[in-house]
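Engineer: coords below, sequence missing:
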């Protein structure tokens, strides 16, 4: 706990660097990633992230030390070559994009591991710590190194800000973008370069293996909470910054722990939470919505059944037993109890000694459902020309969803009919 | 029946377009008069969308050229509007109706500039013209097919162009939208705009358009509706697939002929 407070107070200059650095890196990468996500190019980020490894190693081999600037340049070059490679394979061969991405990713990453192993076995003293680029080490971001990474992060943010409307159009409607004279190919090149830069800035903190998660996961999570692109960008940046912050904290308290997996775990948790709990698109709220529909339909069906029973008796003050109801339309005991309770609360029925009585309000509602059912059956036989024995099941569904406006139009179309196709009266 | 006109607003000269070195449009030669409301008709796979995409420079041309307002496309883009097929975009994109219509202003804005208050006013007015004022801030995935088409149309209006290309604006829309759209197009045509529409329904074509282009991998007819929309020309366009032509095209794809061969 004291660790956390110490960390959050940012008193230590190193901690300050690491915290600011990771927040900048993560949020800028996630903002670039939001556009690749919307352009449905998520896998491309993964390919780039893996393809920067040989660049890191080659830069080290040529330079002989871990100079972050050289390493960034090396990473950028091989990352960029991988995107050209994918593009070439797709255009010049019969291989489709997903295969081209998988091929490129494994080829580049395999080559990178080869180089890394060679370096590690070479006995070069300054190589220790190069494997941190695999899984990341946020605490290794210190002093001047950080300026390089942070500068790129700021460049990314500024470029996205400047080209915001073009990038949006590129992701939404590239044909239209081209038709108004935008250089779509150049814009795509720009977005690819931004993605490579975002990956390169993040490898120190997250590592090459997991960097793709920072590009894509924040955007995927943010999409669940909003339908507006500007808000989505801000949310993605916040999610990414928070996960970066927690990664930095882990790195600070547990120095032997790689930070990349921690950052990815945190951002994935945020994403899963979003999938389940976001207010409109989340799985839970959709499930809840469906449950609500089911209950509403059960209520409709109960009132319809009671109305049909009173219709048969030609009187409205009759009490019906549970058996009578279930004989007319099947309900499980639990369903019937639950629905009756709800109908009672809403004043549609009264219950006494296992007997049910339909109130005036309930009768009105039941009558409307019956009317919609019969109206729609008539519509299907008269206008759509279906056989009378083929219309019941469809009408059983439609009766629950017709709006008063559609009801009026149905009646008008059918010229205010009295009888349905089975000669039952259409109540009014 | 291919009628050429003097001072055309659109001239397509000997245009051939290929996918994968298989020609899908063969040597199209046509001219369109200014102010016409034009329907491009033909069976599935006739190359209707391909023709307007090629005119808009979205596809590479195997041969021929296109002139608009007697100039190449790049110099007069500001005066041209293109409405892609509704299905060509992802309607789940996180944006609103107003934002989509504002995109119609981007061509005039240029790089780095943000839309101004005036741009917003124009956009709002265009939204009103297509009867979508109640949906300005609606997320686009919540729109019906007809409303999506109206949003696209409003975006085209916001471009304030003189020549419009629309790819199937009547596909998958409700009757009310179809009526609203056609009356809007007539209004624009009366105001001197030229509108070129890819259309499917033969029945409505003779009421909608005053110029018709019939296409089936090659140009069958281009002329005023009453001359071009005749039984015999329709028979030529729709009757029987051009098996030979498409087989020759297929052969070209298989042999993968180098593009510069003569």
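Structural biologist: Yep, that arrived. Note that this is a predicted model, so its numbers are computed, not measured.
Engineer: what about the strands in chain A?
Structural biologist: A:319-321, A:349-352, A:355-358 (DSSP state E).
Engineer: typo on my end, the stretch 101-250 of chain B
Structural biologist: Taking DSSP state E, counting those that start in this stretch as the test, the strands found in the stretch 101-250 of chain B are B:163-167, B:194-198, B:211-215, B:219-224.
Engineer: out of those, nearest to residue B:111?
Structural biologist: strand B:163-167 (23.9 Å; Cβ to Cβ). For glycine as for every other residue, the C-beta is placed from the backbone atoms N, C-alpha and C.
Engineer: could you pull up the residues touching the closest residue to residue A:34 other than its chain neighbours?
Structural biologist: Spatially, and ignoring its direct neighbours in sequence, residue A:34 is nearest to residue A:219 (4.1 Å; Cβ to Cβ, 6 or more residues apart in numbering or on different chains). Residues near residue A:219 by Cβ atoms under 8 Å, 6 or more residues apart in numbering or on different chains: A:30, A:33, A:34, A:37, A:38, A:232, A:236.
Engineer: cool, residue B:35 as well?
Structural biologist: B:9, B:189, B:192, B:193, B:194.
Engineer: can you rerun that using 7 Å?
Structural biologist: Taking Cβ atoms under 7 Å, 6 or more residues apart in numbering or on different chains as the contact definition, residue B:35 lies against B:189, B:192, B:194.
Engineer: please enumerate the helices of chain B.
Structural biologist: For chain B, the helices defined by DSSP state H occupy B:48-55, B:97-102, B:106-109, B:117-129, B:145-158, B:175-190, B:202-208, B:225-228, B:231-238, B:243-255.
Engineer: nearest to chain A, out of those helices?
Structural biologist: The minimum distance between chain A and the helices of chain B falls on helix B:106-109, with 3.4 Å, by Cβ to the nearest Cβ.
Engineer: briefly note if the closest one comes near chain A.
Structural biologist: Yes: against chain A, helix B:106-109 shows contacts by Cβ under 7 Å from any Cβ of the partner chain at B:106, B:107.
Engineer: for that helix, buried residues please.
Structural biologist: Using 16 or more other Cβ atoms under 10 Å in any protein chain shown as the test for burial, helix B:106-109 gives B:106, B:107.
Engineer: what sits up against it?
Structural biologist: The contact list for helix B:106-109, computed with Cβ under 7 Å, 6+ apart, reads A:165, A:169, A:180, A:181, B:77, B:78, B:115, B:159.
Engineer: out of those residues, give me the two with the largest separation.
Structural biologist: Between any two of those (Cβ to Cβ), the greatest distance is 18.2 Å, for B:77 and B:115.
Engineer: which pLDDT value belongs to the residue nearest to residue A:34?
Structural biologist: pLDDT recorded at residue A:219 is 96.
Engineer: residue A:128 now?
Structural biologist: Looking at residue A:128, its pLDDT reads 69.
Engineer: do the same with residue A:131
Structural biologist: Reported pLDDT for residue A:131: 78.
Engineer: equivalent analysis for the one 3 residues further on, please.
Structural biologist: Looking at residue A:134, its pLDDT reads 83.
Engineer: quick check: the gap between it and residue A:256.
Structural biologist: 15 Å (Cβ to Cβ, to the nearest Å).
Engineer: how about low-confidence regions in the stretch 1-150 of chain A?
Structural biologist: Filtered on pLDDT under 70, the stretch 1-150 of chain A yields the residue ranges A:1, A:125-126, A:128, A:142-144.
Engineer: model confidence over the longest helix anywhere in chain A, on average?
Structural biologist: Secondary structure of chain A per DSSP H: the longest helix is helix A:283-313. Averaged across helix A:283-313, the pLDDT comes to 90.
Engineer: next one: stretch A:409-418
Structural biologist: Averaging pLDDT along stretch A:409-418 gives 88.
Engineer: so which bits of that stretch are buried?
Structural biologist: Buried residues in stretch A:409-418 (16+ other Cβ under 10 Å): A:410, A:411, A:417.
Engineer: need the contacts of residue B:35 in CSV (columns: distance to residue A:334).
Structural biologist: Formatted as CSV, the contacts of residue B:35 follow (distance: Cβ to Cβ, whole Å):
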residue, distance to residue A:334
B:189, 64
B:192, 70
B:194, 67
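Engineer: by neighbours, which of those residues wins?
Structural biologist: Neighbour counts for the contacts of residue B:35 peak at residue B:194, which has 26 neighbours (criterion: other Cβ atoms under 10 Å in any protein chain shown).
Engineer: now do the same for that residue: its pLDDT.
Structural biologist: 96.
Engineer: give the contact list for it.
Structural biologist: Per Cβ under 7 Å, 6+ apart, neighbours of residue B:194: B:9, B:32, B:34, B:35, B:36, B:162, B:163.
Engineer: what about the closest residue to the first one other than its chain neighbours, how many neighbours?
Structural biologist: Taking Cβ to Cβ, 6+ apart, and ignoring the residues beside it in sequence, residue B:9 has residue B:34 as its nearest neighbour in space, at 4.3 Å. Applying the criterion other Cβ under 10 Å, we find 15 residues in the vicinity of residue B:34.
Engineer: same check on the one 3 residues further on?
Structural biologist: A count of neighbours around residue B:37, defined by other Cβ under 10 Å, yields 22.
Engineer: quickly list what it is bridged to.
Structural biologist: Residues in a beta bridge with residue B:37, per DSSP bridges, are residue B:195.
Engineer: do you know the pLDDT at the nearest residue to residue B:139 once chain neighbours are set aside?
Structural biologist: Sequence neighbours aside, residue A:227 is the residue nearest to residue B:139 in space, at 3.9 Å (criterion: Cβ to Cβ, 6+ apart). On pLDDT, residue A:227 comes in at 92.
Engineer: repeat that for the one 5 residues further on.
Structural biologist: Looking at residue A:232, its pLDDT stands at 97.
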